[in-house]
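J.: Below is the sequence, then the predicted model.
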Amino acid sequence: MPPVAIVTGRTSGVQDEIQGEIQGEGQAGKGSGVIPGSGNGRVRQPAALIRLLTGLAVVALALLLADYARATTGGLASDVADAAALVPRPLARIAEGLTTGAVLLVPVALAARRLLGPDRRRALQQVSDGLLAAVLAYGATLLLDLGCERLAPDSLLAALTQPLPGEGNGHSAIVYGYLAPVLAFMTASGSRERRVPWAVLALSCAAGLAGRYTTPSALLLGLLTGWTVAHGTLYAVGTPDPRPRPGEVLRALRESGLRPVEAQPAGPDRYRVRQADDRPALDVQLLDRQAVTAAAVQRAWRRLRLHTAPHPRTLRSPRTGLEHEALVTYAALAAGVRTRRIAATAGIGPDTALIAYEALAGRTLDRLEDGELTDDLLADAWRQLALLQRREIAHRTLVPTAVLVDGEGAVHLVDFADGDIAAGELVLAFDIAQLLTVLSLRAGPARTVHAAIAVLGPEPVLAALPVLQPIAFPRPIRQALKGHPADEGGGLLEEIRAEVLRGRAQGVGRPVRVERLRPRTLLAVVGAVVAGWWLIPQLFAAEENPVAVLGDADPWWLALAVLAAAASHVAAGVGFAGFVPERLEFRNVVLAQLAGSFVKLVSPGGVGGIALNTRLLQKAGIPTAQALSSVGVSNLIGLVLHLLQLGAFVYLLDFQPGGSELKVLPTVVGGLAVAAALLTVVSAIPPARRWLAARLRPLTAEVLPRLLDLLRSPGRLAVGVTGQLLVSICLITCLYCCAQAVGRQPSYAAVAVVLLVGSAVGNTAPTPGGAGAVEFTLVTLLQSTASMEEGGATASVVLFRLLTLILPVLPGWAAMAWLQRRRAL
């Protein structure tokens, strides 16, 4: 066990206590090196990373606006230049010289002020960080200036620069760089001086504009560069640990009227403090800026994703979080709930606050032995929650560490940092669902549900079933559910539902949708934006306008493309039905494949089609396990046939005139080589190998036995293989006809390779229907593999996606509605 830092003081007088703190701090630093909370180490603060990413995004946005919003930026620069022309030239030069000198003196003055302060060690570290950030910021401005001068279009250079006063003096700097190091130093050194340095910077900006040495866009770009580089430096090298030292914690507690004599670290941002005169010990929780920022990011994401997530109050300050936790804790005490009593709250500097509780001797729920989880203990836990429910107080994070059992077996609910008062019924139901899950993980669903109904009654427990969903649980509960043995068969939550409904005629309502935004929905939106950003300029920037090319499309080739696209749904139905030994109604199978065109728009890759086909088989009376096996066999054989077709058409390209069409071969071979290398790496790493084995277990346990059953019916297997091959042939023919319709004559083999590679990319893309990824891949490969120019390739792909992705949506919706009315889906 590593040594811990212990800070002691004596109670004979204030002077002795302070001297004890200083000696204790020095001993802690010498004996244990870097200790959590000791202030000797460096930490990477999430706030620095967030500000770095924000700065990079704003710099990119500023460059885009300078280039695309030329009228606005040019008009602003022209107005500023006209106003600057009114300033006498000698006066502008004098102002520029004076402000330049003042700006250069700002870092010197700030560094001297910091180094002459009380905490010189931390000040020296921060000043060193500021100097490093200033050097990097200056280098970044030079690189940005050089890069823009060599690579940026003339329109961007015109927006960022202007002719210097006088004849033959060239143009102003692309980035007004000398302010960036100063701002970087001010930011990275942690200076809290705001008025004078910012006033000097503002005067220097005004002098630069008045002297026509820069433009507003270049000035903004320089300031953004300095601010961004400063936070990048802070995140890269870390900042001096801002958390208070143990002596500072003791001093703050003593100023609050307590008598602490010893502080011992008890975990991240926690201390166990012993008091004099046999007073009860204290559990001290620190709330600093680093912890606040990390919690704020997590809460903001949960607030965006979930309807019932708590508001991100901690975005304000550590003191605000402390006040909220204290308020909910006092409300719980007033309701009669057993919890830790607050001994003191205090602030330590501008960025840290602490809350001190009277220590409770006991163990949390996750540290109890199974034999200690008696029925009386379960009932006591539910009684404590009932007291909260009666006063409409929500805990929100009833994880195992929030349930503490003292030496006498009494249950205490602790950690109310995320709690709420005057909570609604839905939020209160979440507390019941969380406690049901946490206790069932240790004591089993039967005993947990029996104790809950005995204390709360059946109605509140039944009302919590619709919110019994993993997505609404805190991360510790979700992780415990994944590792629970019951999760392999049916899941613990299903067992809880069954136990609650046992012997009751009353049904449970539909699950409440608590998820506001799914990650895949966010990916779909991003993918659609990227696809539109890339595709729309292609429609108008090509040498031959694709819109005009589509308008002149050959109607006969277009009709053949439509027929091929329609035939692909029938072929998909044949291919799917062939891998199901049971008898299916072929009409429903074909309509289900057509309905997949509608489902494809709201699900990534082939996920929607898999779910749709599985549901079709379930409604046809096929057990779920066998339905999943049939869908798995269909997808497995489809993958094998896809690779075989790709290899065959790549081989056929060798017989085409010219060798340019084999450019796709290195891509295919490279992709297979990368896949093989990844498989080798995964197989060599035990955790990754176990993860892969768990993912492949359904293949060996369900899919392969189903495939062996199909081998006994070679006729049905041949129908399935034929259907799978026809699906690819129909789609290849559709793309080929689209290219012919717009007046291009690529080889059929080249189009086949392009389509097979593009569809593989679309199935792996997280966007609905592979939007963005498919279009980019098809257009790029048609140009390189089929030797088509950009305009013709773009027109062919747009027409193909119109026939296979957009137009089938409405018929797909009608087919899905028809199947649902017939209870076939």
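T.: Nice, I can see it.
J.: what packs against the helix or strand harbouring residue 412?
T.: If you go by DSSP states H and E, residue 412 is part of strand 411-413. Judged by 3 or more Cβ pairs under 8 Å, 6 or more residues apart in numbering; DSSP states H and E, the packing partners of strand 411-413 are helix 375-390, strand 403-406. Every residue, glycine included, has its C-beta placed from N, CA and C.
J.: Direction included, what does the following helix or strand past the first one pair against?
T.: Where DSSP H and E defines the elements, the next helix or strand beyond helix 375-390 is strand 393-394. Pairing partners of strand 393-394, with direction, according to DSSP bridges: strand 420-421 (antiparallel).
J.: on that earlier part again, adding distance to residue 744, write the helices and strands packed on strand 411-413 out as CSV.
T.: Below are the helices and strands packed on strand 411-413 laid out as CSV (distance: least, Cβ to Cβ, whole Å):
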stretch, distance to residue 744
helix 375-390, 70
strand 403-406, 69
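J.: which of these sits most buried?
T.: Mean neighbour counts were taken over the helices and strands packed on strand 411-413 using mean count of other Cβ atoms under 10 Å, and the top value, a mean of 21, falls to strand 403-406.
J.: tell me how far that one is from the chain's mean position?
T.: Distance, stretch centre to chain centre, for strand 403-406: 34 Å (Cα atoms, centre = their mean, to the nearest Å).
J.: Outside of it itself, list whatever touches it.
T.: 360-365, 368, 372, 377, 381, 411-414, 438 (Cβ atoms under 8 Å, 6 or more residues apart in numbering).
J.: let's see 10 Å
T.: By Cβ atoms under 10 Å, 6 or more residues apart in numbering, the residues outside strand 403-406 that reach it are 338-340, 360-368, 372-373, 377, 380-381, 384-385, 395, 410-415, 435, 438-439, 442.
J.: where exactly do the helices run in the stretch 701-825 of the chain?
T.: Counting by DSSP state H, counting those that start in this stretch, one finds helices in the stretch 701-825 of the chain at the ranges 704-711, 714-741, 748-764, 773-784, 790-801, 809-821.
J.: what helices or strands is the last one leaning on?
T.: Counting contacts by 3 or more Cβ pairs under 10 Å, 6 or more residues apart in numbering; DSSP states H and E, helix 809-821 is packed against helix 555-577, helix 586-599, helix 607-619.
J.: Now render those as a markdown table, adding mean neighbour count, mean pLDDT and distance to residue 174.
T.: Compiled in a markdown table, those are given as follows (neighbours: other Cβ atoms under 10 Å; pLDDT from 0 to 100; distance: least, Cβ to Cβ, whole Å):
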| stretch | mean neighbour count | mean pLDDT | distance to residue 174 |
| --- | --- | --- | --- |
| helix 555-577 | 20 | 90 | 50 |
| helix 586-599 | 22 | 86 | 50 |
| helix 607-619 | 19 | 78 | 47 |
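J.: What's the mean pLDDT across the longest helix anywhere in the chain?
T.: Counting residues, the longest helix found in the chain (DSSP state H) is helix 120-151. What helix 120-151 shows for mean pLDDT is 86.
J.: For it, buried residues please.
T.: Of all the residues in helix 120-151, those buried under the rule 16 or more other Cβ atoms under 10 Å are 122-123, 125-127, 129-134, 136-138, 140-141, 144-145, 148.
J.: for stretch 224-236, same thing?
T.: When burial is assessed from 16+ other Cβ under 10 Å, stretch 224-236 yields the following buried residues: 224, 225, 226, 227, 228, 229, 230, 231, 232, 233, 234, 235.
J.: Pull the contacting residues for the last one.
T.: Spelled out, it's residue 235. 44, 45, 46, 47, 48, 49, 50, 51, 52, 53.
J.: and these as CSV, adding secondary structure and distance to residue 644?
T.: Below are the contacts of residue 235 laid out as CSV (DSSP: H, G, I helix; E, B strand; the rest coil; distance: Cβ to Cβ, whole Å):
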residue, secondary structure, distance to residue 644
44, coil, 50
45, coil, 53
46, helix, 49
47, helix, 53
48, helix, 52
49, helix, 46
50, helix, 48
51, helix, 52
52, helix, 48
53, helix, 44
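J.: Below-threshold pLDDT in the stretch 351-500 of the chain: ranges please.
T.: Applying pLDDT under 70 to the stretch 351-500 of the chain flags residues 485-490.
J.: mind listing the helices for it?
T.: Under DSSP H, counting those that start in this stretch, the stretch 351-500 of the chain gives helices at 375-390, 425-443, 445-456, 458-464, 475-482, 492-501.
J.: Can you tell me which of the ones you listed is most buried?
T.: Ranked by mean neighbour count, the helices of the stretch 351-500 of the chain are led by helix 425-443 with a mean of 22 (mean count of other Cβ under 10 Å).
J.: Can you give the distance from that one to the centre of its chain?
T.: Helix 425-443 sits 26 Å away from the centroid of its parent chain (Cα atoms, centre = their mean).
J.: now swap in stretch 219-239 and tell me
T.: Distance of stretch 219-239 from its chain centroid, counting by Cα atoms, centre = their mean, is 23 Å.
J.: Let's test this: mean pLDDT of it, rounded?
T.: Rounded mean pLDDT across stretch 219-239 is 89.
J.: Can I have the buried ones of the contacts of residue 235 as a ChimeraX selection?
T.: Remark: buried members of the contacts of residue 235, expressed as a ChimeraX selection using 16+ other Cβ under 10 Å:
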select :45,46,47,48,49,50,51,52
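J.: which intervals of the stretch 1-150 of the chain have sub-threshold pLDDT?
T.: Along the stretch 1-150 of the chain, segments meeting pLDDT under 70 span 1-41, 119.
J.: Which ones among the buried residues of stretch 224-236 map onto strands?
T.: With DSSP state E as the criterion, strands contain none of the buried residues of stretch 224-236.
J.: Select from those every entry located in helices.
T.: Among the buried residues of stretch 224-236, the members found in helices (DSSP H) are 224, 225, 226, 227, 228, 229, 230, 231, 232, 233, 234, 235.
J.: picking up where we left off before, figure out which of the helices of the stretch 351-500 of the chain is closest to residue 797.
T.: Among those, helix 475-482 comes nearest to residue 797, with 41.5 Å by Cβ to Cβ.
J.: For the closest one, name the packing helices and strands.
T.: Using 3+ Cβ pairs under 10 Å, 6+ apart, helix 475-482 sits against helix 425-443, helix 492-501.
J.: would you list these in a markdown table and tack on distance to residue 649?
T.: As requested, the helices and strands packed on helix 475-482 are exported to a markdown table (distance: least, Cβ to Cβ, whole Å):
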| stretch | distance to residue 649 |
| --- | --- |
| helix 425-443 | 53 |
| helix 492-501 | 47 |
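J.: Nearest to residue 344, out of the ones you listed?
T.: helix 425-443 (28.2 Å).
J.: which helices and strands does the closest one pack with?
T.: helix 375-390, strand 393-394, strand 403-406, helix 445-456, helix 458-464, helix 475-482, helix 492-501.
J.: Quick check: which of the helices and strands packed on strand 411-413 is nearest to residue 193?
T.: For residue 193, the closest of the helices and strands packed on strand 411-413 is strand 403-406, at 45.3 Å, according to Cβ to Cβ.
J.: Point out the most buried one among the helices of the stretch 701-825 of the chain.
T.: Most buried of the helices of the stretch 701-825 of the chain, by mean neighbour count (mean count of other Cβ under 10 Å): helix 790-801, with a mean of 25.
J.: Once you drop chain neighbours, what's closest to residue 807?
T.: Distances taken as Cβ to Cβ, 6 or more residues apart in numbering place residue 565 nearest to residue 807, at 7.9 Å, with adjacent residues excluded.
J.: can you check residue 340 too?
T.: Among residues not flanking residue 340 along the chain, residue 357 sits closest, at 3.8 Å (Cβ to Cβ, 6+ apart).
J.: Please list all residues in contact with the residue nearest to residue 807.
T.: 597, 730-731, 733-735, 737-738, 800, 802-805, 807-808.
J.: measure residue 272 to residue 283 for me?
T.: 6 Å (Cβ to Cβ, to the nearest Å).
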